[in-house]
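> for reference, the sequence and a predicted model appear below.
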Amino acid sequence: MVETQQQMAIDPTELRGLLDRHAITEQIYRYCRAVDRLDIPLGHSVFHEDATADYGETLYQGDGRGVIDFICASHLLTLNHSHQVSNTIVTLDGDHAGSETYFHSATRMMQEDNVIQVRVWGRYLDEWSRRNSQWRIDKRLTLFDFDEVREVTEMASRPAIRDRTDPSYAVLKGL
């Protein structure tokens, strides 16, 4: 059966939704990259200037861009860290959106003479708005589902490159 051009036409509303979901998901990826590469300007670009972030009263509650400063300063005291995200669901309502994203983070640090690894699994619950054609976070609530701290024996000690000299910046030109 041959489809006519009319049958193959893309609904503009569906296309706009796909593009918006993609833009929001890219911002979530940029957040992870920012905190892993200690790229504060990139991290700030994920949050609107008036955004808020709640990572729990014992960790961080305050402005959205401030959480980037806090996390990057904390990561300077560690050996290495890595963040991954998955299972992102985005709901759209015009220039506003909500998302839930599962995350896993692993951080290695020295404690006395031992290498300790902290792993956290949780979810980012984000409220978004599109302003000046840019999707950014208005409000983030971070939920920690479970975590673990344990001593590890490293297979190989390979310090991470946690700045703009990381080879990925040459590959991802313009980021």
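Sure, I can see it. These numbers come from a predicted model, not from an experiment.

> is it true that D39 touches D166?
No: under the criterion of Cβ atoms under 8 Å, D39 makes no contact with D166, lying 9.1 Å away. Every C-beta, even on glycine, is put in place using the N, C-alpha and C of the backbone.

> the two: which is more packed in?
Using other Cβ atoms under 10 Å as the criterion, D39 and D166 rank with D39 on top: 21 against 17.

> tell me who's in contact with the more buried one.
R33, D163, R164 (Cβ atoms under 8 Å, 6 or more residues apart in numbering).

> could you do L141 as well?
D54, Y124, L125, D126.

> is it fair to say S82 lies in a helix?
No: using DSSP: H, G, I helix; E, B strand; the rest coil, the assignment for S82 is strand, not a helix.

> can you give me the neighbour number for it?
The number of residues packed around S82, counting by other Cβ under 10 Å, is 14.

> quick one: pLDDT of it?
The model reports S82 with a pLDDT of 94.

> what residues are bridge-paired with it?
Counting by DSSP bridges, S82 is bridged to A106.

> same question, I89
E100.

> ok, it to R130 distance?
Going from I89 to R130 by Cβ to Cβ, to the nearest Å gives 18 Å.

> which one of the two is surrounded by more residues?
The neighbour count for I89 versus R130, taken as other Cβ under 10 Å, is higher for R130 (16 against 10).

> how about that one, secondary structure?
R130 ends up strand, using three-state DSSP.

> so who does it touch?
D20, D95, H96, A97.

> per-residue pLDDT, it?
R130 is assigned 98 on the pLDDT scale.

> what do you get for E154?
For E154, the pLDDT comes out at 80.

> same question, L79
With respect to pLDDT, L79 has a value of 88.

> what residues does it make contact with?
L79 touches R108, M109, M110, V115, P159, A160, counting by Cβ under 8 Å, 6+ apart.

> roughly how far apart are the last one and L175?
For A160, the distance to L175 equals 18 Å [Cβ to Cβ].

> which of those two has more neighbours?
A160 (16 against 12).

> rewinding a little: which of the contacts of L141 fall in strands?
Applying DSSP state E to these, the entries found in strands are D54, Y124, L125, D126.

> most neighbours among those residues, please name it.
Of those, with other Cβ under 10 Å as the count, D126 tops at 28 neighbours.

> show me what that residue is bridged to.
S99, R140.
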